[in-house]
Each structure stands twice: as C-alpha cells, then as structure tokens.
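> sequence and predicted model, in that order:
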Amino acid sequence: MNVTLLPEPELQFGNNGRHVDIRFGIRNSGPLVHGDPLAPSEIRVGLIGTPQTIQGLKDWLELCRMGLPAKESKKPHLFPAFPGFNKESCFACELVTAEKLERPINPRLLNELIQSKSRDEAARLAVELFIAECQFLQDKAPVDVFVCAPPAELMEFLDAGVIAEDEESEAGNEEEAADTESEAESASTIDFHDLLKAKGMGLRKPIQMARPSTYDENAKPSTRGGEKRQVQDPATRAWNFHTALYYKAGGIPWRLLRDADSETCFIGVSFYHSLDAKRVHTSVAQVFNERGEGVILRGGDAEPISKDPKEDRQPHLSKENMRDLIKNVLGAYRTEHKHAPPRVVVHKTSSFNKEELAGCHAALDELNIDGRDLLAVSRSSTRLFRVGQYPPLRGTFLELDARRHVLYTKGSTDFYMVYPGWYVPRPLEFICEDTQATPRKLAEEILALTKMNWNNTQFDNSMPITVRAARQVGAILKYLDRTSTTPTSYAYYM
C-alpha cells in the first residue's frame with residue numbers, strides 16, 4: 001500500500017498558454033482557438049421563456065458583457081472576476097441578442113400546467129411549449145445556441161419530484177450526473193432538463209438551460225429531492241454560463257496537453273435503463289481525444305441482470321456487442337480524425353467480465369491497435385484522513401494492490417488554498433482490468449480528464465469526462481427510442 005500526491009495537470013489555452021486553472025488560463029491566454037478564423041466571434045442566441053425571464057436574462061447578459069467583479073474573499077484564486085464577454089475581452093467574442101431572436105411563452109400556459117397537471121405530464125407539456133418556440137426560431141432566424149429560461153414557479157414544481165444528486169452545480173446551476181448505476185436506475189420521474197435536451201435533438205443547434213438563480217440575484221434556489229441547490233457567486237456563474245455557450249457555438253476553450261509521441265482515444269462506457277425501467281440496459285459510449293473533441297454513440301443492449309443477489313448484478317455486454325461497440329466508436333474516431341489512434345483507454349462504469357474483455361481485445365486486434373488500457377471506474381468506499389480539519393489533497397493517489405487504486409479527484413486544492421466543495425469528498429476507485437500503462441500514468445490521465453467538463457470552469461470536477469459524458473448521454477437518450485437519429489456532438493448533451 002503506497003500513497004503519493006500527483007501534481008495538478010496543466011491545460012493548454014490560446015497562444016500555447018498553459019495553466020492549471022481554466023479561468024486564469026482563458027484570462028491570460030484566451031481560448032484554445034484564440035485568433036483562429038474558425039473561432040466564433042459572435043454567438044446568435046435564441047431566447048425562449050416568459051417575457052419576464054427573457055428580460056431578466058437579457059439584463060444579466062448585458063451586465064456580464066463588460067465583466068463582473070470578484071467575490072470578496074481571502075481566496076482570490078477560487079473566486080476570480082469575470083473579464084466580460086465581448087470582442088475586446090479575452091474571449092474575443094460577443095453574444096448577439098435581438099427581438100427577432102426571442103420567443104416569449106405566455107406565463108398563463110405554464111401556470112395552468114402547474115395547477116392542473118401531474119408533475120410528469122407538466123414536464124412533458126412544458127418541454128413541448130419550449131421546443132415549439134425553438135423550432136419557430138429555427139425556421140425564421142439564424143440561431144447558434146438556444147437558451148431556454150423557464151420561470152421559477154415551474155422549476156420549483158418540476159424539481160420537487162426529481163431525485164437529488166450530489167456535487168456542485170455547473171454552468172450556473174446544472175447538477176452532476178448520478179454517481180452510481182443504481183442511482184441512475186432509480187430516477188423514474190421525468191427530468192425537464194434531460195427531456196428538453198432529448199426533444200431538442202432535431203433542432204440542429206444545441207440548447208442551454210438558464211435557471212432563474214443563474215441570472216436573478218433575488219431568485220430563491222429551487223429544491224431537488226428536498227435539498228436546496230447551492231448557488232455560486234455571480235462571477236463564477238458568468239464564467240460557467242459563457243464558457244459553455246462558447247463551446248456549444250463551436251469554440252474550443254481549452255484542451256489537455258498533447259503528448260507529441262502518442263495520441264490516445266479515451267472511451268467512456270456506461271449503462272442506463274429505458275424510461276419504463278423494464279427493458280434491458282443499453283450501453284453508451286463517449287470518445288474523447290486530447291483536444292476534448294468527442295463523438296456520441298449508442299451501443300447495443302446489455303445482457304439481462306441476474307436477480308440472484310449472490311451473482312454479479314452489474315450490467316454487462318456480450319462479447320459481440322462489446323466488440324461492435326469498440327469498432328463503431330473507433331470507426332467514428334477514424335472518420336473524424338482520418339486515422340486510427342495508436343492507443344485506446346476504456347473507462348467503464350462497471351467491472352469487465354471475460355466476455356467484455358474478449359470483445360475489447362477482438363476489436364482492437366482487428367484494427368491493429370496495440371496500445372490498450374481497460375479500466376473500471378467507480379466511487380470508492382475507502383477514505384483517507386489528514387491531520388487537521390481539511391480533507392486529503394486533490395491528486396492523492398493510493399495503491400491498494402496491483403489492480404485496485406484510489407484517487408482523490410476532489411479534495412483540498414493548493415491552487416485554491418482551500419477545500420472548495422460542499423460535501424465530504426468521496427474518492428474514485430479504478431481497477432486495472434487489463435492494462436499496459438502504469439497505475440500512476442492511468443491516475444494522472446483520470447485526474448486530467450476531470451478538467452474537461454465544459455460546463456464548469458472550476459477545475460476540480462469529481463468524474464473524468466469519459467464517465468461523466470457517458471452518463472449524461474444515457475440520462476438524455478432514455479427519452480428517445482432506438483430509431484431516433486441523434487447528433488454525435490457532445491455539445492447537444494451537456
């Protein structure tokens with residue numbers, strides 16, 4: 001048993017700038033594609049909401065345009081000022097809003113849903129209202145990103161039945177995906193956010209949701225599952241909201257540092273139940289390279305889960321389905337990048353069985369890919385303790401044995417000079433099912449991949465983007481049937 005502390009990974013920004021922190025990196029060097037002709041210089045935003053929420057959001061965006069001051073704090077690295085979002089700021093981009101890009105919804109229609117419909121039916125009908133107005137704008141005006149701003153009353157009603165999820169908020173107010181497969185299975189009520197994203201797939205432009213507490217200082221935070229949402233300071237909300245918009249409009253804010261000698265394809269594999277929770281799990285894969293570009297694919301059905309508590313009750317794929325999944329994923333990678341990667345890393349949210357290992361190796365052998373590392377990634381029940389009041393440092397790495405390892409992706413952070421979380425952090429466990437790289441290298445990659453969440457500019461996310469994205473995608477795809485055509489860009493799912 002050995003404990004070491006991994007260094008905080010650096011990210012790459014514009015002009016070859018490097019920094020461990022996303023906000024300081026963008027502020028100092030600009031986004032990754034800063035100055036690139038393909039980088040967005042303006043983003044046409046379609047606003048959908050009630051007249052009141054549209055106006056409130058527009059007023060807030062105007063305040064953000066020239067920047068917001070830092071929160072008063074003894075931790076300036078944790079709460080930096082927002083530098084503004086305009087062509088003269090570090091983003092070199094501005095938001096375009098106009099009356100012809102707005103579609104107000106009569107508040108009376110939404111109030112009727114609250115008063116006369118069940119929670120799930122109200123969620124479905126409210127999504128239909130928002131998507132209809134998005135479609136109208138899609139047909140009449142050029143829009144780069146749709147921003148849907150539901151009123152507080154509606155969200156309080158809809159959130160009351162949603163199972164609470166842990167971790168901090170993202171993009172001003174979105175929640176982390178459920179941390180375990182069992183939690184994902186138990187969420188049977190309709191989630192307005194996920195259904196909105198699912199039904200918006202046909203719009204051909206991404207959707208961003210703006211809760212009232214994102215832009216209205218007087219808005220009461222909504223409650224999910226009996227727990228109040230934690231609201232971030234104004235500058236942090238502005239950072240998250242505008243960076244997510246920038247990515248959804250085609251910009252690349254940052255990326256992992258590239259290894260000049262090797263290019264790695266990271267694949268996340270997770271599972272989700274159908275909406276009725278009666279059908280077999282279906283696998284989801286997400287591909288990421290060092291640039292942060294991903295391709296979303298839907299995999300085959302999982303094998304039936306044993307009802308015997310003495311047997312393995314985790315979802316698994318057959319050898320053929322795992323082989324097809326990996327081949328399809330790498331086929332999409334080849335289409336995108338014009339070549340196959342020399343190395344593939346698979347992060348799976350449940351353990352690998354013999355069939356899955358055989359399926360992975362069969363696919364990689366057929367594609368002549370020698371470099372391969374197959375890992376199971378999940379929450380750990382192992383905890384470490386430090387002397388004093390603060391939790392272990394982010395990057396604390398514990399080798400339990402040759403296969404099992406624990407990594408603190410959340411914890412006390414040197415750069416922030418504090419533990420920035422709301423809850424006692426739970427580390428990750430990864431199991432080296434079949435690997436070539438050293439456990440330390442695999443842990444360093446996981447730590448770096450936690451910084452690839454475009455919705456959150458505070459870099460200490462808990463899950464690597466491989467796992468997070470796969471679960472996010474599953475939460476949305478459960479609202480679509482198997483014949484639905486879905487975009488392959490991650491921007492539609494975040």
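Arrived safely.

> and the longest helix along the chain, what's its mean pLDDT?
In terms of residue count, the longest helix belonging to the chain (DSSP state H) is helix 119-140. Average pLDDT, helix 119-140: 96.

> and for stretch 445-460?
94.

> same question, stretch 220-234
The pLDDT scores in stretch 220-234 average 68.

> can you get me the start-to-end distance on it?
Start-to-end span of stretch 220-234 (Cα to Cα, to the nearest Å) is 14 Å.

> point out where the chain drops to low pLDDT.
34-36, 161-188, 221-230, 259-262, 277-281, 289-292, 305-311 (pLDDT under 70).

> now do the helices in it.
Under the criterion DSSP H, the chain contains helices at 22-29, 51-65, 107-116, 119-140, 152-159, 181-186, 192-199, 212-215, 234-248, 319-337, 354-366, 439-449, 465-477.

> among the ones you listed, which comes closest to Tyr390?
helix 439-449 (18.6 Å; Cβ to Cβ). C-beta here means a position set from N, CA and C on the backbone, and glycine is covered the same way.

> I'd like to know which elements that closest one is packed against.
strand 264-272, strand 343-348, strand 371-379, strand 396-399, strand 404-407, strand 428-434 (3 or more Cβ pairs under 8 Å, 6 or more residues apart in numbering; DSSP states H and E).

> just send these back as a markdown table, with distance to Met417 too.
Putting the helices and strands packed on helix 439-449 into a markdown table (distance: least, Cβ to Cβ, whole Å) gives the following:
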| stretch | distance to Met417 |
| --- | --- |
| strand 264-272 | 30 |
| strand 343-348 | 30 |
| strand 371-379 | 26 |
| strand 396-399 | 17 |
| strand 404-407 | 21 |
| strand 428-434 | 23 |
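
> how about those in CSV, adding distance to Pro234 and mean neighbour count?
CSV is the format used below for those (distance: least, Cβ to Cβ, whole Å; neighbours: other Cβ atoms under 10 Å):
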stretch, distance to Pro234, mean neighbour count
strand 264-272, 33, 26
strand 343-348, 35, 26
strand 371-379, 32, 20
strand 396-399, 32, 19
strand 404-407, 32, 22
strand 428-434, 31, 19
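
> and of these, who's closest to Glu8?
Among these, strand 396-399 comes nearest to Glu8, with 11.9 Å by Cβ to Cβ.

> what about dumping the CA coordinates of the longest helix of the chain to PDB?
In PDB, the C-alpha atoms belonging to helix 119-140 read as follows (Å, rounded to 0.1, in the frame of the first residue of the first chain):
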ATOM      1  CA  ARG A 119     -45.600  16.600 -12.300                       C
ATOM      2  CA  ASP A 120     -44.500  14.300 -15.200                       C
ATOM      3  CA  GLU A 121     -47.300  15.500 -17.500                       C
ATOM      4  CA  ALA A 122     -46.500  19.100 -16.800                       C
ATOM      5  CA  ALA A 123     -42.800  18.400 -17.600                       C
ATOM      6  CA  ARG A 124     -43.800  16.800 -21.000                       C
ATOM      7  CA  LEU A 125     -46.100  19.600 -21.900                       C
ATOM      8  CA  ALA A 126     -43.700  22.400 -20.800                       C
ATOM      9  CA  VAL A 127     -41.000  20.800 -23.000                       C
ATOM     10  CA  GLU A 128     -43.400  20.800 -25.900                       C
ATOM     11  CA  LEU A 129     -44.000  24.500 -25.500                       C
ATOM     12  CA  PHE A 130     -40.300  25.400 -25.300                       C
ATOM     13  CA  ILE A 131     -39.400  23.100 -28.300                       C
ATOM     14  CA  ALA A 132     -42.200  24.600 -30.400                       C
ATOM     15  CA  GLU A 133     -40.800  28.100 -29.900                       C
ATOM     16  CA  CYS A 134     -37.300  26.900 -30.600                       C
ATOM     17  CA  GLN A 135     -38.500  25.300 -33.800                       C
ATOM     18  CA  PHE A 136     -40.200  28.600 -34.800                       C
ATOM     19  CA  LEU A 137     -36.900  30.500 -34.400                       C
ATOM     20  CA  GLN A 138     -35.000  27.700 -36.200                       C
ATOM     21  CA  ASP A 139     -37.200  28.300 -39.200                       C
ATOM     22  CA  LYS A 140     -37.300  32.100 -39.100                       C
END
